[in-house]
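Chemist: Coordinates for the following, if possible.
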Amino acid sequence: MLVKYYFLFSCVALAACNGSNVNEKIQKASEKAGEAVSEVAKGVSKGVKSSYGVRITRADTAALKTIDIGKVLLKSAEGGTDNLLSVYIIFKKDFVRKVMLKAYDNKGLEMGRSSQLLKGKKDEARFIDFVFDKRTNIDNDSKITIE
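Modeler: Numbering: from 1, shown residues only. Reported below is the predicted structural model:
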């Protein structure tokens, strides 16, 4: 919004100028306005990326304490929107167990489940995909649990 006013003010000020430099001044003002818009867009993009992150909370069981959760990527799959979680699992001990991820909306209502049989040896780590129903749309304010 501020950029629009800056650009409008610059154009009005330059239109009031006399002489052959008017086109050059308008071009410079346009370049400055373009730079300002570019900086605002970069800031908004960076803010969105840094604020968006899915967190997974672990059920307090002995078995789940033998794995750690690293990076979580949110993707779309099977005709859905934001319904696939790629979870980086770090195995602290040998592990063979079926686990379930549950997704809850911002009101605490459950909206999806996805299960996987996890198998890993001590000190292994890899991404595991959990695909939810195509109608499950995971947002940045969604709560995810692993059980």
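Chemist: Could you use CA atoms for every contact and neighbour count after this?
Modeler: Will do.
Chemist: any idea which helix or strand carries Lys28?
Modeler: Using DSSP states H and E, Lys28 maps to helix 22-51.
Chemist: Please name the residues that touch Lys92.
Modeler: The contact partners of Lys92, by C-alpha atoms under 8 Å, 6 or more residues apart in numbering, come to 66-68, 121-124.
Chemist: my guess is Ser142 contacts Val54, does it?
Modeler: Yes: using C-alpha atoms under 8 Å, Ser142 makes contact with Val54 at a distance of 7.5 Å.
Chemist: The two - which one has more neighbours?
Modeler: Using other C-alpha atoms under 10 Å as the criterion, Ser142 and Val54 rank with Ser142 on top: 20 against 17.
Chemist: How about that one: what's its closest non-neighbour residue?
Modeler: Asp105 (4.8 Å; C-alpha to C-alpha, 6 or more residues apart in numbering).
Chemist: Tell me the confidence at the one you found?
Modeler: Among the per-residue scores, Asp105 shows a pLDDT of 95.
Chemist: how about the strands in the chain?
Modeler: Assignment of strands within the chain using DSSP state E yields the ranges 56-58, 67-75, 84-91, 95-104, 110-120, 125-131, 143-146.
Chemist: Reformat the ones you listed as JSON lines; add mean neighbour count and distance to Gln27.
Modeler: Converted to JSON lines, these look like this (neighbours: other C-alpha atoms under 10 Å; distance: least, C-alpha to C-alpha, whole Å):
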{"stretch": "strand 56-58", "mean neighbour count": "16", "distance to Gln27": "51"}
{"stretch": "strand 67-75", "mean neighbour count": "16", "distance to Gln27": "42"}
{"stretch": "strand 84-91", "mean neighbour count": "20", "distance to Gln27": "47"}
{"stretch": "strand 95-104", "mean neighbour count": "16", "distance to Gln27": "52"}
{"stretch": "strand 110-120", "mean neighbour count": "16", "distance to Gln27": "53"}
{"stretch": "strand 125-131", "mean neighbour count": "17", "distance to Gln27": "50"}
{"stretch": "strand 143-146", "mean neighbour count": "18", "distance to Gln27": "50"}
